[in-house]
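Participant: Sequence and predicted structure below; questions after.
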Amino acid sequence: MDRKVYILGGAQTDFERNWTKEGKNMLALLKEVTADGLDGAGLSFDDVRELKREDRVACFVGNFIAEKYTEQGHLGALLTEVNPVFYGVPSARYEAACASGSVAIDAAQTKIQTGDYDVAIVIGWELMKTVDSKVGGDFLGRAAFYDKESKGIDLPFPKLFGRLADETIRKYGVNEERYMDSLAQIAVTNYANAKRNPLSQTRKWFMSLEQAKMRGTETNPYIGGSLAVSDCSQVTDGAAVVVLASERFLKERGIKEKPILKGYGHRVAPMLFDKKMQEQQSSRYILPWTRQAVLDAYQRSGLSVEEIDVFETHDCFTSSEYAAISAFGLTEPGREYEAVESGMIALGGTKPINPSGGLIGCGHPVGASGVRMFLDLYKQVMGIAGRYQVMGAENAMMLNIGGSATTNYTFIVGRLKTGEEEDI
């Protein structure tokens, strides 16, 4: 990457909250997270006002489908209702289904790279508890090819990722019991990690390996093919903010020791799940474009999987995290169960995945998840993740997907190498 893009910090809301039950709307959510996010980045609204005068700041909003959940579009301009300081600030909404937060980050980092702005405020959000689960499931079906894959189907995405589980077993000839037990362990690990995260949705929930394996029971019913409730991410209200900045800005402020964005990847697979499965037959990977997005981030960063200390991945379902294990390069494709069974990806393992709890444990407000994961990379590299900190983390990587692994985004955040600090 030609210009360094630094992460100043940010904030996320408490994903346990139900904003509708609190009698609060999207503006309350945005006002709270924006104020907290600026504070977490060491900025104020007065700083934004000053940067606006010099045309050095812009805002990037990630959101999937507020038009359905809250009857509101034009979300970049909506920030003017959050605080008058945003009058005149360039702001726009970015959408890529559950990767909406990541596409907003990508747009923001590009504007820093080109020198158009020195500060980029990225806000990802979704209010999902405004409707019941059946209606919400139909809304989320727009992340697939709606007319062909979702219309008239209850909870279409559990069914699509249930098919991913079936196709993974078929492609690699994995023992079905071993595969399903690995998915159960992934769920248990994410729930256990979430208990360490004070902002996670499920920090007070119970999940044991025995419970996760009891699929098809009253307490853990099937929701899509072989996947049960324990295999599914959460319906969540929430928002997250990250603030990116140029090297010039850090020099002006005398800011030291902030992580940088080292690399990224962005690839789009066929929209239809059937076409994805047709295409993957010629690849070693069940999700070849997901793997390519990972390789692109490694190439741009100059890093390898051995140099990544912690991962955040898009576990919308346990089957998606399972596929991510080989996509990251932690195992050969078809042998992902080795990383699960050995404890490699547990919090105390050599390559922890989702110390935050992930989408299953922390929560999944779809438009916010990419920003929340990116914020957690920042926390890990800064050493401020608290009880879910991975000790000594220097480089952290995330994978955020939209649809049935249709849009694939990866980012690597890390510390500067020895000697590079002199540039600041």
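Facilitator: Received it, and whenever you're ready, just let me know what you need.
Participant: Neighbours of residue 236, how many?
Facilitator: A count of neighbours around residue 236, defined by other CB atoms under 10 Å, yields 26. For every residue, glycine as well, the C-beta is placed using N, CA and C.
Participant: quick one: contacts for it?
Facilitator: 15, 126, 128-129, 201, 363-365 (CB atoms under 8 Å, 6 or more residues apart in numbering).
Participant: Tell me which helix or strand it sits in.
Facilitator: Under DSSP states H and E, no helix or strand contains residue 236.
Participant: Identify, from the contacts of residue 236, the entry nearest to residue 386.
Facilitator: Set against residue 386, the nearest of the contacts of residue 236 by CB to CB is residue 15 (15.4 Å).
Participant: Contact partners for residue 201?
Facilitator: When contacts are taken as CB under 8 Å, 6+ apart, residue 201 is in contact with 15-16, 194, 234, 236, 361-363.
Participant: oh, I was asking about residue 168
Facilitator: 174, 179, 286, 319, 322-323.
Participant: quick check, distance from the helix or strand where residue 278 lies to the centre of its chain.
Facilitator: Using DSSP H and E, residue 278 maps to helix 273-279. Centre-to-centre, helix 273-279 and its host chain are 24 Å apart (CA atoms, centre = their mean, to the nearest Å).
Participant: Just give me the neighbour total for residue 266.
Facilitator: 18.
Participant: mind checking the end-to-end distance for stretch 278-285?
Facilitator: Using CA to CA, to the nearest Å, the end-to-end distance of stretch 278-285 comes out at 12 Å.
Participant: still on that earlier bit, between the contacts of residue 236, which sits nearest residue 40?
Facilitator: Taking CB to CB as the measure, residue 40 sits nearest to residue 15 out of the contacts of residue 236, at 16.0 Å.
Participant: longest single helix anywhere in this protein?
Facilitator: In the chain, assigned by DSSP state H, the helix with the most residues is helix 176-194.
Participant: which other residues reach the very next helix or strand once past that helix?
Facilitator: Sequence-wise, the next helix or strand downstream of helix 176-194 (DSSP H and E) is helix 209-213. Contacts to helix 209-213, defined as CB under 8 Å, 6+ apart, come from residues 180-181, 183-185, 187-188, 219-220, 230-231.
Participant: 10 Å instead?
Facilitator: 177, 180-181, 183-189, 191, 217, 219-220, 228-231, 318 (CB atoms under 10 Å, 6 or more residues apart in numbering).
Participant: Next, the residue most central in space within the chain: secondary structure please.
Facilitator: A centroid search over the chain (CA atoms, centre = their mean) returns residue 370, at 3.1 Å, as the residue closest to the centre. Look at residue 370: counting by DSSP: H, G, I helix; E, B strand; the rest coil, its state is helix.
Participant: circling back to that earlier point, and the longest helix of the chain, what other elements does it pack with?
Facilitator: Here helix 176-194 touches helix 156-172, helix 209-213, strand 227-228, helix 318-328, helix 337-341, helix 358-361, going by 3 or more CB pairs under 10 Å, 6 or more residues apart in numbering; DSSP states H and E.
Participant: Which one, of these, ends up nearest to residue 393?
Facilitator: Of all the helices and strands packed on helix 176-194, helix 318-328 comes closest under CB to CB, at 15.2 Å.
Participant: Strands of this protein, residue ranges please.
Facilitator: With DSSP state E as the criterion, the chain has strands at 5-12, 57-62, 91-94, 119-126, 222-224, 227-228, 238-246, 260-268, 310-313, 395-402, 407-414.
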